[in-house]
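**Q** With the sequence up front, the predicted model follows.
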Amino acid sequence: MAFDPYLADRIRQRLGKRPGLTEKEMFGGLGFMLHGNMCCGIIGDEMIARLGPEGGEAALRDPHTRPFDFTGRPMRGWIFVEAAGLDDDAALDRWVARSVEFASSLPRK
């Protein structure tokens, strides 16, 4: 499955040139890694946000979100944000910031 290159560019703009930031093709899409930890990513036209167990559970109350269920078993602390929830730049800013905040709290790999 391919990923939306326009969405990838929009996320790259928000991530900037942070130390420890890398990109990796994964899940049939694109992952953004921060010091070796998955931060966020894209599959198709949806964003994957890694928010941790509490943050992920709370985020599921937001519109246009659903559990990250890539393998048939939802991954706790990870969510999909549908394309409709990313049209607004301010919304994308918030999802990226929340993902960066969680990934930054993890030990470096």
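**A** Yep, it's here. Numbering: from 1, shown residues only.

**Q** Poorly predicted segments of this protein, please.
**A** 1 (pLDDT under 70).

**Q** Swap in 90 and give it another go.
**A** 1-2, 26-28, 70-75 (pLDDT under 90).

**Q** can you give me the helices in this structure?
**A** Under the criterion DSSP state H, the chain contains helices at 5-15, 52-59, 89-104.

**Q** and the closest residue to residue 78 other than its chain neighbours, what does it touch?
**A** Ranked by Cβ to Cβ, 6 or more residues apart in numbering and with sequence neighbours excluded, the top spatial neighbour of residue 78 is residue 68, at 3.6 Å. Bear in mind the C-beta positions are built from the backbone N, C-alpha and C, glycine included. Going by Cβ atoms under 8 Å, 6 or more residues apart in numbering, residue 68 touches 48, 56, 74, 75, 78, 79, 80.

**Q** how many neighbours does the third one have?
**A** Residue 74 sits with 15 neighbouring residues when counted by other Cβ atoms under 10 Å.

**Q** Next, it: phi, psi?
**A** phi -60, psi 140 (degrees, to the nearest 10).

**Q** So the residue nearest to it when sequence neighbours are not counted versus residue 32, what's the distance?
**A** Counting by Cβ to Cβ, 6+ apart, the nearest residue to residue 74 once its immediate chain neighbours are dropped is residue 67, at 3.9 Å. As for residue 67, its distance to residue 32 is 20 Å (criterion: Cβ to Cβ, to the nearest Å).
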